[in-house]
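Chemist: just a sequence and a predicted model for now, questions to come.
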Amino acid sequence: MRLMLLLAVGGAAGTVARFLLGGIVQPSASTFPWGTLVVNLLGAFALGFLMRYLLGTGLMSPEMRAALTIGFCGGFTTMSTFAYETVALLTGGDYWRAVGYVTGSSLGSIAAVLGGIAAGGRLL
């Protein structure tokens, strides 16, 4: 039961952080989903960093680690929004923007996870 509560709190915090950061990053006149892209890349970096650093140091219990990774990072990243925005770009005829968005999100997130792992490893 404690784990479920920690996951819920982490998820709620991640969701609020996503909403606030996405709103700050997304230019109101832009047709490209910058807010979602930035949130996904930061979430991927955070997940890579947290997993590498927390597993390497043992500073947190498995429950707290789950609250940060599954809860916060899961609530923070926005893959369902990413999928919807990609379809919206495609159905709107913005094929090149859709390709750029999918490529940037996919490759950028992989690079961000690797960067987070490297950053976490340097602190060990």
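Modeler: Structure's in. What do you need? Residues are numbered from 1 along each chain as shown.
Chemist: burial check on V87, number of neighbours?
Modeler: Using other CB atoms under 10 Å, V87 has 11 other residues around it. C-beta: built from backbone N, CA, C; applies to glycine.
Chemist: where does it sit: helix, strand or coil?
Modeler: helix (DSSP: H, G, I helix; E, B strand; the rest coil).
Chemist: can you tell me which residues contact the residue minimising distance to the centre of the chain?
Modeler: For the chain, the residue nearest the mean C-alpha position is G43 (2.5 Å; CA atoms, centre = their mean). Contact analysis of G43 by CB atoms under 8 Å, 6 or more residues apart in numbering lists G14, C73, F76, T77, T78.
Chemist: counting by contacts, list what the worst-scoring helix or strand of the chain on mean pLDDT packs against.
Modeler: Least confident helix or strand of the chain, by mean pLDDT, DSSP states H and E, is helix 79-91 with a mean of 92. Counting contacts by 3 or more CB pairs under 8 Å, 6 or more residues apart in numbering; DSSP states H and E, helix 79-91 packs against helix 34-57, helix 95-122.
Chemist: buried deepest among those, which one?
Modeler: Across the helices and strands packed on helix 79-91, averaging neighbours per residue (mean count of other CB atoms under 10 Å) puts helix 34-57 on top, at a mean of 20.
Chemist: pLDDT wise, what is C73 at?
Modeler: pLDDT, C73: 95.
Chemist: how many residues are close by it?
Modeler: C73 has 22 neighbours, counted by other CB under 10 Å.
Chemist: so who does it touch?
Modeler: Contact analysis of C73 by CB under 8 Å, 6+ apart lists G14, G43, A46, L47, L50.
Chemist: against G14, how distant is T77?
Modeler: For T77, the distance to G14 equals 8 Å [CB to CB, to the nearest Å].
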